[in-house]
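> Output the structure for:
(one chain, ligands or ions: 1)
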Amino acid sequence: MEVVIVPDAAAGGELIAEAVATLLRRRPDALLGVATGSTPLPIYQALAAKVRAGAVDASRTRICQLDEYVGLPAGHPESYRSVVLREVVEPLGLDEHAFMGPDGTAEDVQAACEAYDRALREAGGVDLQLLGIGTDGHIGFNEPCSSLASRTRIKTLTRQTREDNARFFDSLDEVPHHVITQGIGTILEARHLVLLATGEGKADAVAHAVEGPVAALVPASALQLHPHATVVVDEAAASKLKLAEYFRATYAAKPDWQGI
Ligand SMILES: N[C@@H]1[C@@H](O)[C@H](O)[C@@H](COP(=O)(O)O)O[C@@H]1O
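I've put the predicted structure just below:
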């Protein structure tokens, strides 16, 4: 696992957007897995700016979703489908055909989960999966004690995650209890995992994920099992890392051409 400490969220967004752009220059129809929440927004803004400036052509990029609320009406502005369309697909100049996600409105949720896992495989697998991290160490919506081998399935949110996400809704009561999420086993099949964490509120979760044991209790620690995982953190989110100086020195000594 590579840990890159950046000065702030904007620098993290720029670094990761450049990694995505490098991938797209090599593979224009790459399948890019995107995460929701506030943290990845600087990545999407930096990537859209590169597209507008003509620094990268994203016209053939395919986008896939990590997770989704269950039971929100179709078109709800806070469904992750709406969020990804608004924050990623439209700013990149893509249309809905370039985009795939699990169906949070399906009557048969289990079938929708299996169909999504199948669709990801049939699409050739995810080339680069962007991830955030929950304050409880979750990735996607894999809450603590999710199986490290899990596939896309329905999960129940913890109270803490519902409280963390209540800011996107009018009240806590409106935050769904159930979600569909790519499983940890599904996420680990992506060819490159890139997790961005910013702010002091993520420092404990980052320290446990990066320097703690691999444990279902901290779903993000599963990144330790992946051969190409990059964790990008700002100073605040890095503040509880014991090996911070080593991570800084390693990245400083890395030749530019290697990227992340
Ligand atoms: N399902 C999403 C996660 O994918 C995201 O990583 C997390 C953190 O969000 P934020 O970046 O807003 O802190 O929120 C939600 O739970």
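> Around the ligand, pick out the residues from the stretch 101-250 of the chain.
Contact residues, the stretch 101-250 of the chain versus the ligand (C-beta under 6 Å from any ligand atom): G132, I133, G134, G140, F141, T161, N165. The way it works is simple: take the backbone N, C-alpha and C, and place the C-beta from them, glycine included.
> Which of these fall within helices?
Within these, residues falling in helices by DSSP state H are T161, N165.
> Can you tell me which of the residues of the stretch 101-250 of the chain next to the ligand is nearest the ligand?
For those, the closest approach to the ligand (C-beta to the nearest ligand atom) belongs to G132, at 2.5 Å.
> wait, what's in contact with that closest one?
G132 sits next to A35, T36, G37, T39, P40, I139, L195, L196, A197 when contact means C-beta atoms under 8 Å, 6 or more residues apart in numbering.
> same thing with P77?
Counting by C-beta under 8 Å, 6+ apart, P77 makes contact with V83, R86.
> Distance of it relative to the ligand?
Per C-beta to the nearest ligand atom, to the nearest Å, P77 is found 16 Å from the ligand.
> Would you mind putting the residues of the stretch 101-250 of the chain next to the ligand into TSV with pLDDT alongside?
As requested, these are exported to TSV (pLDDT from 0 to 100):
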residue	pLDDT
G132	98
I133	98
G134	95
G140	98
F141	98
T161	95
N165	95
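> Buried only: go through the residues of the stretch 101-250 of the chain next to the ligand for me.
Among those, those scoring as buried are G132, I133, G134, G140, F141, T161, N165 (criterion: 16 or more other C-beta atoms under 10 Å).
> Could I get the full set of strands for the chain?
Remark: strands assigned in the chain by DSSP state E are 2-6, 31-34, 62-65, 67-69, 99-100, 128-131, 153-156, 178-181, 192-197, 229-234.
> Quick one: the ones you listed as JSON lines, columns for mean pLDDT, mean neighbour count and distance to L120 too.
What follows is these, written out as JSON lines (pLDDT from 0 to 100; neighbours: other C-beta atoms under 10 Å; distance: least, C-beta to C-beta, whole Å):
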{"stretch": "strand 2-6", "mean pLDDT": "98", "mean neighbour count": "20", "distance to L120": "24"}
{"stretch": "strand 31-34", "mean pLDDT": "98", "mean neighbour count": "23", "distance to L120": "8"}
{"stretch": "strand 62-65", "mean pLDDT": "98", "mean neighbour count": "22", "distance to L120": "6"}
{"stretch": "strand 67-69", "mean pLDDT": "98", "mean neighbour count": "25", "distance to L120": "13"}
{"stretch": "strand 99-100", "mean pLDDT": "96", "mean neighbour count": "18", "distance to L120": "8"}
{"stretch": "strand 128-131", "mean pLDDT": "98", "mean neighbour count": "26", "distance to L120": "10"}
{"stretch": "strand 153-156", "mean pLDDT": "98", "mean neighbour count": "18", "distance to L120": "13"}
{"stretch": "strand 178-181", "mean pLDDT": "98", "mean neighbour count": "24", "distance to L120": "13"}
{"stretch": "strand 192-197", "mean pLDDT": "98", "mean neighbour count": "26", "distance to L120": "14"}
{"stretch": "strand 229-234", "mean pLDDT": "98", "mean neighbour count": "24", "distance to L120": "18"}
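> Fine by me, we can end here.
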